[in-house]
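Student: Below are the sequence and a predicted model; questions follow.
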Amino acid sequence: MIDPEVQAVDAILRRGGIRYVVVGGQAIAQRAATATRDVDVMVATADYATTVAWLKAESGLAFDWDDGKLCRFRLLGLGGLPLDVINPTVFSGKRTGQEFFDFLLSEGSLTVEGIPYATPTLVWYTRLLTKRWRAYAEKIVTNVIDGVPVDHLDGVEEIARRFGTEVEIAPRVAHVREELRRPEVASLLRRP
Amino acid sequence: MRMEASLLREAGEHPLPAEMRALAPRTRGRPRLEYRPRVRSADDVTTLRRHRVPAVLITAEWVSRHGYPVEFRPWLAVPAGLAGKFASDFRILPVQDEDALRDPGIAEMVTLLLRFDALAARLIAVRNRTQLDPNELYRRVRNEGVESAATRVRLQDFAPAIPKVGTSLSRSELRWIEKNNPPLAEAA
């Protein structure tokens, strides 16, 4: 079943003919426990400015701020829940934002009931590449305890190699792996 | 050699309802039938507790109601020594500090949450601060041996005596987590 928040965002973006992929917590929610209700979507770099302009004109949304990489709106019908529109250049490393978005569409997402959601591998990669990566590492540990296969971390390293972000990603993945080796976490991972 | 614990019915005590008694695999030569409590619902956990079995079901509803809206499959927290003695589809959380399961309050729940979602533990502590007894939190964290998880989310803010083990998330990261995960009333 599609979450009402995602459904609302999908309706708006479809009206504008905007191609997007749900990333962040709502994408993880397809596989594991999550705490976030806000909706993060990634659009093609070339579509970023037009998407922001289109959404600013939407009556069901309130514009919050835009720094060219991320633009925040509030969903008025859903108590002001945040809708973040993300420019893929933030995560594309040594390649273009368009290349990252193409990769997201072709290899980093799955469509569920008509909605494209990023895979856990892709979400973990983007999360570990942000400045809040330590807090996100904590969430990744919780995801793994909750049943998301730890193998997705290998995929994160592969994406980093592909986009030339290994220098940032490698120590962060190592940090997550170390956290997963802590006895109290490891004991939960061994259980059915 | 390994230590093993069992649940035994005392003289005069009613047995668990028949539907909650799953026959354990029989060991060759073992003289008695051994049952494992079958736990399939919150009501089963209530029945267990009525029979003085210290078991607690940790649910997303409880955590959400106490200020951290979250979704997760429930955990059945039971004493570590009895962890293998239940037949249940719930995930089993083996707990060292059996006493924490007797009548769990905020300090106990925060400590249990540290085992599988340290950020949830932090937010529940922040949002239920007035009901959080620092001495009780200190005692539970020590008994459960989760000082490292407690340090990562700075539970020393609530119980300064908890020993610092390992590194902590920065205050700005914790503030950001709090801001991005408002309680249900605010989120709605």
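Tutor: Received it, and whenever you're ready, just let me know what you need.
Student: Nearest residue to whichever residue of chain A sits closest to chain B in space, ignoring adjacent ones along the chain?
Tutor: Using C-beta to the nearest C-beta, the single residue of chain A nearest to chain B is residue A:33, 3.4 Å away. All C-beta spots, glycine's among them, are computed from the backbone N, C-alpha and C. Once flanking residues are discounted, residue A:33 sits nearest to residue B:72: 3.4 Å by C-beta to C-beta, 6 or more residues apart in numbering or on different chains.
Student: cool, residue A:68 as well?
Tutor: Residue A:68 sits nearest to residue A:87 (C-beta to C-beta, 6+ apart), 6.8 Å away.
Student: For that neighbour, give me the pLDDT.
Tutor: pLDDT, residue A:87: 97.
Student: ok, now residue A:77?
Tutor: Looking at residue A:77, its pLDDT stands at 85.
Student: again, but for residue B:171
Tutor: 96.
Student: Enumerate every residue touching it.
Tutor: Neighbour list for residue B:171: residue B:154 [criterion: C-beta atoms under 8 Å, 6 or more residues apart in numbering or on different chains].
Student: What of the one 3 residues further on?
Tutor: Residues in contact with residue B:174 (C-beta under 8 Å, 6+ apart) are A:135, B:122, B:153, B:154.
Student: buried stuff in the host helix or strand of it?
Tutor: Residue B:174 is located in helix B:171-180, with elements delineated by DSSP states H and E. For helix B:171-180, burial by neighbour count (16 or more other C-beta atoms under 10 Å in any protein chain shown) applies to B:173, B:174, B:177, B:178.
Student: which SSE is residue B:9 in?
Tutor: Under the assignment here (DSSP H and E), residue B:9 is part of no helix and no strand.
Student: My guess is it contacts residue B:21. True?
Tutor: No. Residue B:9 is beyond contact range of residue B:21, at 10.5 Å (criterion: C-beta atoms under 8 Å).
Student: could you redo the contacts of residue B:174 as TSV and give each row neighbour count and secondary structure?
Tutor: Shown next, in TSV, are the contacts of residue B:174 (neighbours: other C-beta atoms under 10 Å in any protein chain shown; DSSP: H, G, I helix; E, B strand; the rest coil):
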residue	neighbour count	secondary structure
A:135	21	helix
B:122	27	helix
B:153	27	coil
B:154	17	coil
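Student: now the residue nearest to residue A:33: how far from residue A:118?
Tutor: In this view, residue B:72 and residue A:118 are 20 Å apart by C-beta to C-beta, to the nearest Å.
Student: and what of residue A:62?
Tutor: Relative to residue A:118, residue A:62 is positioned 25 Å away (C-beta to C-beta).
Student: got it, and residue B:112?
Tutor: From residue B:112 to residue A:118 the distance is 31 Å (C-beta to C-beta).
Student: which stretches of the chain have low pLDDT?
Tutor: I'll assume chain A. Residue ranges of chain A with pLDDT under 70: A:36, A:190-192.
Student: sorry, should have said chain B
Tutor: B:1-5, B:8, B:10-11, B:26-33, B:185-188.
Student: For it, list the residues in contact with chain A, please.
Tutor: Within chain B, the positions adjacent to chain A are B:60, B:68-73, B:91-94, B:115-120, B:145-146, B:148-149, B:152-153, B:169-170, B:173-174, B:176-177, B:180-181, B:187-188 by C-beta under 8 Å from any C-beta of the partner chain.
Student: Recalculate using a threshold of 6 Å.
Tutor: Contact residues, chain B versus chain A (C-beta under 6 Å from any C-beta of the partner chain): B:70, B:71, B:72, B:116, B:117, B:118, B:119, B:169, B:173, B:177, B:181, B:188.
Student: Tell me the one among the contacts of residue B:174 nearest to residue A:183.
Tutor: Nearest to residue A:183 among those: residue B:153, at 18.0 Å, using C-beta to C-beta.
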